[in-house]
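**Q** Any chance you can model this:
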Amino acid sequence: MSLLESLDPQEAAVVKMAAVFAGPFSVPDLSASYSSVWGGALRVDLLRLFKACNHLKERGILEEAPVDEFTVQADSGTANEVK
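**A** Numbers count the residues shown, from 1 in each chain. As a prediction, the model looks like this:
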C-alpha cells in the first residue's frame, strides 16, 4: 500500500493540493483551494485542514517553512511545505 493510499481522505486531499503550489503554503491557501465560500462551515474546514497539516507534519510528510521564506500576512499563521 502506498503512503498516499494509507492517509485519511482529508490528509490525502492536502497532499494532492500541496503538490500544485510552487513553494511553501499556508492553511488559508489550502482553504481557498478546498472550501466553498458559500459552504457555511469555513471555520470548521480551516480547523480540519489545520489538523490534517499538523498530522502530516508529525508523520514527516510536511515540514514547517520558516516565515522569512514565505511572505505571510499577520493573520495567515505558519507556512508548510511538502518534502
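**Q** rest of the way, CA atoms for contacts and neighbours
**A** Noted.
**Q** Show me what the strand or helix carrying K57 is packed up against.
**A** Using DSSP states H and E, the element containing K57 is helix 42-58. Secondary structure elements in contact with helix 42-58, counted by 3 or more CA pairs under 8 Å, 6 or more residues apart in numbering; DSSP states H and E, are helix 9-18, helix 27-34, strand 62-65.
**Q** Please save the CA atoms from stretch 20-40 in PDB.
**A** Taking Å, rounded to 0.1, in the frame of the first residue of the first chain, the C-alpha atoms of stretch 20-40 are listed here in PDB:
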ATOM      1  CA  VAL A  20       0.100  22.200  -7.000                       C
ATOM      2  CA  PHE A  21       1.700  25.000  -5.000                       C
ATOM      3  CA  ALA A  22       5.000  26.400  -6.300                       C
ATOM      4  CA  GLY A  23       6.500  26.600  -2.800                       C
ATOM      5  CA  PRO A  24       5.500  27.000   0.800                       C
ATOM      6  CA  PHE A  25       1.800  27.400   1.500                       C
ATOM      7  CA  SER A  26      -0.400  28.100   4.500                       C
ATOM      8  CA  VAL A  27      -3.700  26.700   5.700                       C
ATOM      9  CA  PRO A  28      -5.600  29.700   4.300                       C
ATOM     10  CA  ASP A  29      -4.000  28.900   0.900                       C
ATOM     11  CA  LEU A  30      -5.300  25.300   1.200                       C
ATOM     12  CA  SER A  31      -8.700  26.600   2.300                       C
ATOM     13  CA  ALA A  32      -9.000  28.800  -0.800                       C
ATOM     14  CA  SER A  33      -8.400  25.700  -2.900                       C
ATOM     15  CA  TYR A  34     -10.600  23.400  -0.900                       C
ATOM     16  CA  SER A  35     -13.500  25.200   0.700                       C
ATOM     17  CA  SER A  36     -16.500  26.800  -0.900                       C
ATOM     18  CA  VAL A  37     -17.200  30.400   0.000                       C
ATOM     19  CA  TRP A  38     -20.900  29.500   0.200                       C
ATOM     20  CA  GLY A  39     -20.400  26.300   2.200                       C
ATOM     21  CA  GLY A  40     -21.100  28.000   5.600                       C
END
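**Q** For that stretch, buried residues please.
**A** 24-28, 30-31, 35 (16 or more other CA atoms under 10 Å).
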